[in-house]
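[1] with the input below, show me the fold.
(one chain, ligands or ions: 1)
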Amino acid sequence: MRRIYMDHAATTPLAPEVLEAMIPYFSERYGNPSSLHSFGREAREAVDDARTEVAALLNAEPSEIYFTSGGTESDNLALRGIARKNKKKGRHIITSSIEHPAVLEVCKALAGEGFEVTYLPVTREGLVEVGAVEEAVREDTILISVMHANNEIGTIQPLEEIGRLAGEKEIYFHTDGVQTAGKIPVDVRSLGVDAFSLSGHKLYGPKGAGALYIRKGVRIESIQQGGGHERGMRSGTENVPGIVGLGRAAMLAEEKMEEESERMRSLRDRMSGWVLKEIEDSWLNGHPVKRLPSNLNFGFRYIEGESLLLYLDAKGVAASTGSACSSKKLAASHVLSAIGLEPVESHGSLRITLGMENTEEDVDYACRAISESVARLREMSALRPG
Ligand SMILES: *Cc1c(COP(=O)(O)O)cnc(C)c1O
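    Numbers count the residues shown, from 1 in each chain. Below is the predicted model:
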């Protein structure tokens, strides 16, 4: 049976070039980057090269890149590290209601440490309004964290405007850029962000490797102490193969971005055009244009998303409903609730996230699979009137 992977927001396959770059660091180049001998120096050089490659992807300086175990750790380090270091200045944090759990749960934990958190609402399209950020700012606000693009509905936030506001008010600005790094151009300077999280396995790199950009001069403390690796910001012997893979993935992403994002956009629009036209009572969640080139989030009335996923899986199409992290819970997605969907509407959601290996034929096959599955489920549906 044909198997088509369309769940790239959950994770991406490793690019063959990335695997090739990593292999020597699992075998003959096993040195510890902290060692002074040639084995150590070889590993150190590889880590430094990767730092340069990740920095280039973001228009940052290599010295502003800190390697972590992934997006979750980068978010934890940014939020906890900045909040704790600046608590004498204030204890108020602003974030949005559609953040990834790696931000929302950290905010909850920080509230337990005496910080106060404002969760901004979003529009029907999933946009954070700059006016709402401005209204939420207080004398004691020390940090704003708004994600670059949402992992469920793909909406891209107006970071430049929020960054400008944060800069004027001298408030630190962090963004979870896990879904945008390597997919759309990112320039941390023009976005006006002080911290930017990214993750290897969302950009055709390895799982368990990520990075946090921290602008030079930002007051932040480490959340993991030990031997002082990563200039004291993140102790622990470096995941050298993972870091090498992340560096290579960043480099490839930069090379292919223009061409690949255009190709994604065209596949995305081909699919949404077809689905919305051919399937009754269907709609697109998220913003019509301010959205990731690879993201589609459909709503189908009278459908249960989980059942649709299983039907699609049986036809070889791998997609998702809500986010992978919450798919085991029955609760409605917090993102779809935040954009104003009723629980019955959000339960009929289907997230398709396209990637490098997908072709036009894949898209056409998936369209037919979706249409057949929706029709079959609706025939049986107790939700459907008449
Ligand atoms: C996947 C994801 C994360 C978590 O990254 P990991 O590397 O899996 O820890 C954080 N934020 C967003 C927006 C994501 O999509």
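[2] so who does His201 touch?
    Listed by Cβ atoms under 8 Å, 6 or more residues apart in numbering, the contact set of His201 reads Thr11, Thr12, Gly70, Lys207, Gly208, Ala209. (C-beta placed from N, C-alpha, C; glycine too.)
[3] please list which of those residues are also close to the ligand.
    Restricting the contacts of His201 to those touching the ligand (Cβ under 6 Å from any ligand atom) yields Gly70.
[4] just the contacts of His201 now: which is nearest the ligand?
    Nearest to the ligand among the contacts of His201, counting by Cβ to the nearest ligand atom, is Gly70 at 2.8 Å.
[5] does the closest one touch Pro206 like I think?
    No: using Cβ atoms under 8 Å, Gly70 makes no contact with Pro206, being 9.5 Å away.
[6] find residues that contact each of those two.
    Listed as contacting both Gly70 and Pro206 by Cβ under 8 Å, 6+ apart are Gly200.
[7] thinking again about what came up before, which of the contacts of His201 tops the neighbour count?
    Counting neighbours by other Cβ atoms under 10 Å, Ala209 leads those with 27 neighbours.
[8] now do the same for the residue lying closest to that one once chain neighbours are set aside: helix, strand or coil?
    Setting aside the residues directly before and after it, Ala209 is nearest to Gly242 in space (Cβ to Cβ, 6 or more residues apart in numbering), at 3.3 Å. What DSSP: H, G, I helix; E, B strand; the rest coil gives for Gly242 is helix.
[9] show the contacting residues for Ala46.
    Contacts of Ala46 (Cβ under 8 Å, 6+ apart): Tyr25, Arg29, Pro33, Val240, Ile243, Val244.
[10] gap between the fourth one and Val103?
    Distance of Val240 to Val103, computed by Cβ to Cβ, to the nearest Å: 28 Å.
[11] what of the first one?
    When distance is defined by Cβ to Cβ, Tyr25 is 31 Å away from Val103.
[12] go on, the third one?
    Per Cβ to Cβ, Pro33 is found 30 Å from Val103.
[13] what sits against the residue nearest to Ala209?
    Met22, Gly200, Pro206, Gly208, Ala209.
[14] and the furthest pair within the residues you listed?
    Met22 and Gly208 (11.7 Å; Cβ to Cβ).
[15] next, count neighbours for Arg124.
    12.
[16] what residues are up against it?
    Counting by Cβ under 8 Å, 6+ apart, Arg124 touches Ile339, Gly340.
[17] let me know the secondary structure of it.
    coil.
[18] got a pLDDT number for it?
    pLDDT recorded at Arg124 is 98.
[19] now do it against Glu345, distance only.
    12 Å.
[20] tell me which residues of the helix or strand bottoming out on mean pLDDT in the chain come out buried.
    Across the helices and strands of the chain, mean confidence by mean pLDDT, DSSP states H and E is lowest for helix 343-347: a mean of 89. Across helix 343-347, burial judged by 16 or more other Cβ atoms under 10 Å covers Glu345, Ser346, His347.
[21] residues in contact with the nearest residue to the second one once chain neighbours are set aside?
    Right, Ser346. Closest residue to Ser346 apart from its sequence neighbours, by Cβ to Cβ, 6+ apart: Leu336 at 3.6 Å. Applying Cβ under 8 Å, 6+ apart, we find Leu336 in contact with Glu152, Ile153, Asn285, Gly322, Glu345, Ser346, Ser349.
[22] could those residues be laid out in CSV, adding distance to the ligand and secondary structure?
    Shown next, in CSV, are those (distance: Cβ to the nearest ligand atom, whole Å; DSSP: H, G, I helix; E, B strand; the rest coil):
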residue, distance to the ligand, secondary structure
Glu152, 9, coil
Ile153, 11, coil
Asn285, 16, coil
Gly322, 12, coil
Glu345, 23, helix
Ser346, 18, helix
Ser349, 16, strand
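[23] and these, which two are the farthest apart?
    Every pair of those checked by Cβ to Cβ; the farthest is Glu152 and Glu345, at 13.9 Å.
[24] taking the stretch 201-350 of the chain, what residue is nearest to the ligand?
    For the stretch 201-350 of the chain, the residue positioned closest to the ligand under Cβ to the nearest ligand atom is Gly210, at a distance of 5.1 Å.
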